[in-house]
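Asker: sequence and predicted structure are below.
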Amino acid sequence: MVDPTRGVLYPGRLPQFHRLPAEGEAADLVAWVWIPEWDLAPGETSRQDIVGYPALNLVVERDAVTLAGATTRVSHRDLRGRGWAVGALLRPAAVPALTPAPAAIIDEEVRLHEPVLRRAVADAMESGGEGYRRRAALALAEWLVARVGPLDAHGRQANAMTDVLLGPGAAGSPEEAATRLAVSVRTLQRLAHRHVGMSPGAMIRRRRLHDAAERLRGDPAVDLAALAAESGYADHAHLTRDFRAVLGITPRAYRARASG
């Protein structure tokens with residue numbers, strides 16, 4: 001089971017946070033639905049630092065619907081006042097129905113004019129009572145299933161690509177992933193570009209970074225050289241270089257902040 005805080009650099013700073021599984025047909029389109037809720041005192045700010053999963057997110061808030069592209073670096077959002085968001089981490093099969101060029105929105109968010117979706121999710125979130133989060137997640141999922149339509153062979157192949165690159169027993173290189181999928185490396189690259197906007201190699205590196213960060217949070221005493229080997233890095237230097245490039249800090253500094 002995926003850690004519900006995977007990709008969140010400092011889980012202790014989170015507001016109320018829930019992660020729900022996708023149900024029914026939506027499981028082919030959504031990896032999971034995530035729902036943060038916050039109610040902060042006047043003048044209080046909660047900064048959320050995120051290293052995104054190598055995927056796109058469809059996000060519904062009270063006054064907007066946005067499509068967030070995959071990210072190449074750490075990002076943050078400052079929460080104030082009272083609010084909520086309902087986000088879907090998209091599986092690759094869902095992406096072409098929302099954008100023809102995911103690479104064009106890397107590290108960006110674009111607003112979508114989808115008032116029906118926004119109202120359906122907002123009504124569920126603000127209805128209160130037992131199960132309101134699940135109702136909101138279902139509203140988003142049902143809209144997405146209708147938007148995408150029946151899953152075709154290209155969508156199934158794109159989902160299989162992500163499973164091979166990021167799932168349990170994931171491939172250690174694009175070449176290995178292509179072999180497992182019985183496609184050429186060039187075909188694998190086209191799939192990743194069309195459905196994620198990142199290269200297969202970049203997706204693998206992000207998975208390794210998530211693995212390493214999660215391990216550092218869970219076991220602050222872990223030896224960094226051993227961690228590098230366990231996470232698929234060639235050595236400690238490669239681990240440190242990846243942390244610096246994406247997070248702007250070393251693994252040692254991240255460990256100190258995450259445990260502080």
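Answerer: Looks like it arrived, so ask away.

Asker: now do the contacts for the residue nearest to residue 197 when sequence neighbours are not counted.
Answerer: With CB to CB, 6 or more residues apart in numbering as the criterion, residue 197 has its nearest non-adjacent residue at 3.4 Å, and that residue is residue 102. C-beta coordinates here come from the backbone N, C-alpha and C atoms, glycine included. Residue 102 sits next to 56, 69-70, 95, 193-197 when contact means CB atoms under 8 Å, 6 or more residues apart in numbering.

Asker: distance between the worst-scoring helix or strand of the chain on mean pLDDT and the chain's centre?
Answerer: Of all helical and strand segments in the chain, the minimum by mean pLDDT, DSSP states H and E falls on strand 46-50, at a mean of 78. In terms of CA atoms, centre = their mean, to the nearest Å, the centre of strand 46-50 is found 15 Å from the chain centre.

Asker: same thing with stretch 251-260?
Answerer: Using CA atoms, centre = their mean, the offset of stretch 251-260 from its chain centre is 22 Å.

Asker: tell me the buried residues in it?
Answerer: 251, 254-255, 258 (16 or more other CB atoms under 10 Å).

Asker: what residues of the longest helix along the chain count as buried?
Answerer: Criterion DSSP state H: the longest helix present in the chain is helix 200-218. Buried residues in helix 200-218, defined by neighbour count with 16+ other CB under 10 Å: 200, 202-217.

Asker: and that helix, what does it pack against?
Answerer: With contacts defined as 3 or more CB pairs under 8 Å, 6 or more residues apart in numbering; DSSP states H and E, helix 200-218 has these neighbours: helix 153-166, helix 174-181, helix 185-195, helix 224-230, helix 236-247, helix 251-259.

Asker: give me the number of residues near residue 77?
Answerer: Neighbour count for residue 77, taken as other CB atoms under 10 Å: 11.

Asker: no wait, residue 172
Answerer: Residue 172: 12 neighbours (other CB under 10 Å).

Asker: cool, and residue 29?
Answerer: Counted with other CB under 10 Å, residue 29 comes out at 24.

Asker: residue contacts, it?
Answerer: 22, 88, 90-91, 93-94, 141, 144-145, 148, 151.

Asker: separation between residue 100 and residue 143?
Answerer: Distance, residue 100 to residue 143, using CB to CB, to the nearest Å: 19 Å.

Asker: more neighbours, those two?
Answerer: residue 143 (21 against 9).

Asker: look up the closest residue to the more buried one, ignoring the ones flanking it.
Answerer: residue 117 (4.7 Å).
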